[in-house]
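>>> The sequence and its predicted three-dimensional model are supplied below.
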Amino acid sequence: MIGPFLKWGNPQSFYFLILVAALVAVYFIFEKYFSLKLDKAFGHKVATYLTQSLSLAKRRSQLGLQALGLIFVIIAMARPQAGESQQQVKSEGVELLVLADVSDSMMAEDVRPSRLAQMKIELSKLLELMPGNKIGIIAFAGSSALLSPLTSDPNALRMYIDSLDINSVSSQGTNFETALSYAKEAFERGGVTQDNSARTTRVILVSSDGEDQEKGALDTAKILAKEGIRIFSMAYGTEKGGAIPVRDPYGNAIGYKKDASGQTVLTQVRGDFLRSLAEAGSGQFYFAYFNGDHLRKFVDDINTLEKTEFQSSMMTQYEEKFTFPLLTGIILILFSLFINDRKSKNANWKGKYETE
């Protein structure tokens, strides 16, 4: 900060001044180098004749303007700021827990690159469509694991989404009932405290292919709906289905999963179950299509729900003052381009008639 009224938004940019100083130094070093080289090759008198039309003063003036212009551009990059104002920033939305299916069947490649990979890509997109909401990530298969508690930090959430794989949980299978019960506990541990004066809208999004569901999930969904927790579901995969690849420790495909009789296992999406789960949970069902609008529909449905104000804070804003130094720098650099480094009139060189 310089003085009480000026501060810098990006002071690290001043390090570029070192580069400008280095470029000026390199110019003078090469100027001296080539002067000595000409004198050595042709002698001082002939070298003077060869360079008599060159004006070093004009060339140095051009360099000075360019260096000064770059200095002003660097000052603009450092974002000088003056004055300040206070603005209240509110964050509001819903509490959303994503139940991400990481069972073996999600590795099927009936959608490219795989069901699990498609789900991860779309969950990352969902973060961009839902700023301000508190979101948590639960991985589930035969067991469940809370990867990220409820947070409004998209960078942390994106990291946990990228880490989703079939090793995120301790056991395989697909137990929706356990996952839903686990989500309820996660709300109670990490959500906003519910009381008579403040109610937070809580939503569960089940992202799965619906395979291998256990009994009891629909009853649990109805219980959660009565407690105000809405359940939405999104199906990944195709009705035609696909085989589940088996890979070696290096990630190379070495075959496909087979059943006890040696037949290749084909896994199909169970959209009917996921639809029933959403209906039991007073939510909506969506089928994930390539380039589909299912994410937008989900966000639109969420936006119709009552929002909760999570936090309110005062943000200090400063008025940017980079325009003047930026324009000044550009004008100086452009003006330097019109400087001709040639002398307006060559002096008559008398030494051409002299002999050694």
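Received, thanks.
>>> Distance-wise, check V98 relative to L6.
45 Å (CB to CB, to the nearest Å). All C-beta spots, glycine's among them, are computed from the backbone N, C-alpha and C.
>>> do the same with V169
Separation of V169 from L6 (CB to CB): 54 Å.
>>> Comparing these two, which residue is more hemmed in?
V169 (22 against 13; other CB atoms under 10 Å).
>>> Pretty sure G93 sits against L129.
No - judged on CB atoms under 8 Å, G93 makes no contact with L129 at a distance of 11.6 Å.
>>> Need phi/psi at T264.
Main-chain dihedrals, T264, degrees, to the nearest 10: phi -70, psi 130.
>>> Quick one: residues contacting it.
Each residue near T264 by CB atoms under 8 Å, 6 or more residues apart in numbering is listed here: A243, Y256, K257, K258.
>>> Which parts of the chain belong to which domain?
As assigned by automatic domain parsing, the chain contains the domains 6-79+322-353, 90-312.
>>> Now render those as JSON lines, adding mean pLDDT.
Shown next, in JSON lines, are these (pLDDT from 0 to 100):
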{"stretch": "domain 6-79+322-353", "mean pLDDT": "85"}
{"stretch": "domain 90-312", "mean pLDDT": "87"}
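>>> Point out the most buried one among those domains.
Sort those by mean neighbour count, taking mean count of other CB atoms under 10 Å, and domain 90-312 sits at the top with a mean of 18.
>>> thinking I161 is in contact with E122, fair?
No - contact criterion CB under 8 Å: I161 and E122 do not qualify, at 9.6 Å.
>>> so where do the strands sit in the protein?
Ranges of strands in the chain, per DSSP state E, are 6-8, 80-93, 95-101, 134-140, 144-151, 202-208, 229-235, 242-243, 245-247, 253-256, 266-267, 285-287, 308-320.
>>> Tell me the strands beside the fifth one, with direction?
Pairing partners of strand 144-151, with direction, according to DSSP bridges: strand 134-140 (antiparallel).
>>> Could you dump the contacts of T264 into JSON lines and include distance to L63?
As requested, the contacts of T264 are exported to JSON lines (distance: CB to CB, whole Å):
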{"residue": "A243", "distance to L63": "68"}
{"residue": "Y256", "distance to L63": "69"}
{"residue": "K257", "distance to L63": "70"}
{"residue": "K258", "distance to L63": "75"}
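>>> chain center to stretch 252-270, what's the gap?
Distance, stretch centre to chain centre, for stretch 252-270: 36 Å (CA atoms, centre = their mean, to the nearest Å).
>>> Kindly report the same for stretch 60-77.
Offset of stretch 60-77 from its chain centre (CA atoms, centre = their mean): 34 Å.
>>> Any chance you could list what contacts it?
Contact with stretch 60-77 is made by 10, 13-14, 16-17, 20, 23-24, 27, 322-323, 325-326, 328-333, 335-336, 339, 341, as judged by CB under 8 Å, 6+ apart.
>>> Redo the strands of the chain as CSV? Include distance to K184.
Formatted as CSV, the strands of the chain follow (distance: least, CB to CB, whole Å):
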stretch, distance to K184
strand 6-8, 48
strand 80-93, 19
strand 95-101, 9
strand 134-140, 11
strand 144-151, 11
strand 202-208, 9
strand 229-235, 7
strand 242-243, 33
strand 245-247, 34
strand 253-256, 36
strand 266-267, 28
strand 285-287, 20
strand 308-320, 18
